[in-house]
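> Provide a 3D model corresponding to the input given below.
(chains A and B)
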Amino acid sequence: QQQVKQSPQSLIVQKGGIPIINCAYENTAFDYFPWYQQFPGKGPALLIAIRPDVSEKKEGRFTISFNKSAKQFSLHIMDSQPGDSATYFCAASFLSRLTFGEGTQLTVNP
Amino acid sequence: GAVVSQHPSWVICKSGTSVKIECRSLDFQATTMFWYRQFPKQSLMLMATSNEGSKATYEQGVEKDKFLINHASLTLSTLTVTSAHPEDSSFYICSARASGGSYEQYFGPGTRLTVT
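As a prediction, this is how the structure comes out:
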């Protein structure tokens, strides 16, 4: 199975809130799990990524939590700002080929 | 570092004509480049993987004779949409993976293709 399931489809939080986006996968051969941020009309930008031998990774305000046994991973955005309003994609990689989740449209209200 | 550019950023062409899109890694060498297609409010779908100096590998359902990919150097890959039709209108995005076994892919800014 190559699918990556992402939820929620959309998310609205207030400034300073902590949006959480979840992804689940089936293929245990996936060996790299990145998160991307995309603004309208732009290409995706790599935010943070994790390997399956690590349960958590933090970079700035972004944290990935990874549960290998449950085949799930999530993105937390601390102290969210209106400038974080964008579409977020999780992805999973096998043999360098990325499979993307469906995307989450995040809106951070002032 | 790790900048990928695409040219053009947008293009409008008539049905039946061909369009070439360039993808360049500006500050690193990319042994592998990828081409994605994204429809409005949808996710990215991998179209093909290209390795420098060899033929591209296309995903299932992608017509290799319609979407010609050439990865002629370690910094340049091109996608040519041949005999374009309105249903080919989409946002085409490339990415590049640096040499040396890195997992990270760096994406270009995308090319908006509109076929009239």
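> any idea which element the residue nearest the centre of chain B lies in?
Closest to where the C-alpha atoms of chain B average out (CA atoms, centre = their mean) is B:Trp35, at 3.6 Å. Using DSSP states H and E, B:Trp35 sits in strand B:30-38.
> List the contacts of that strand.
Strand B:30-38 has contacts (CB atoms under 8 Å, 6 or more residues apart in numbering or on different chains) with A:96-98, B:23, B:25, B:44-52, B:67, B:69, B:71, B:74-75, B:77, B:79, B:90-99, B:105, B:110. In this view, the C-beta of every residue, glycine as well, is placed from N, C-alpha and C.
> Ignoring the adjacent residues along the chain, who's closest to the residue nearest to the centre of chain B?
Closest residue in space to B:Trp35, ignoring its immediate chain neighbours: B:Met47 at 4.6 Å, by CB to CB, 6 or more residues apart in numbering or on different chains.
> Tell me where chain B has helices.
Assigned by DSSP state H, chain B shows no helices.
> Any residues of it in contact with chain A? List them.
Residues of chain B lying near chain A by CB under 8 Å from any CB of the partner chain: B:4, B:6, B:32, B:34, B:42-46, B:49, B:93, B:95, B:97, B:103-110, B:112.
> Buried among those? Make that a ChimeraX selection.
Those of the residues of chain B next to chain A that count as buried under 16 or more other CB atoms under 10 Å in any protein chain shown are selected in ChimeraX with:
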select /B:4,6,32,34,43,44,45,46,49,93,95,97,105,106,107,108,109,110
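> Mind checking which of the residues of chain B next to chain A are in strands?
B:4, B:6, B:32, B:34, B:44-46, B:49, B:93, B:95, B:97, B:105-107, B:112 (DSSP state E).
> got the residues of chain A near chain B?
A:31-32, A:34, A:36, A:41-46, A:49, A:51, A:89, A:93, A:96-103.
> change it to 6 Å
A:32, A:42-44, A:100, A:102-103 (CB under 6 Å from any CB of the partner chain).
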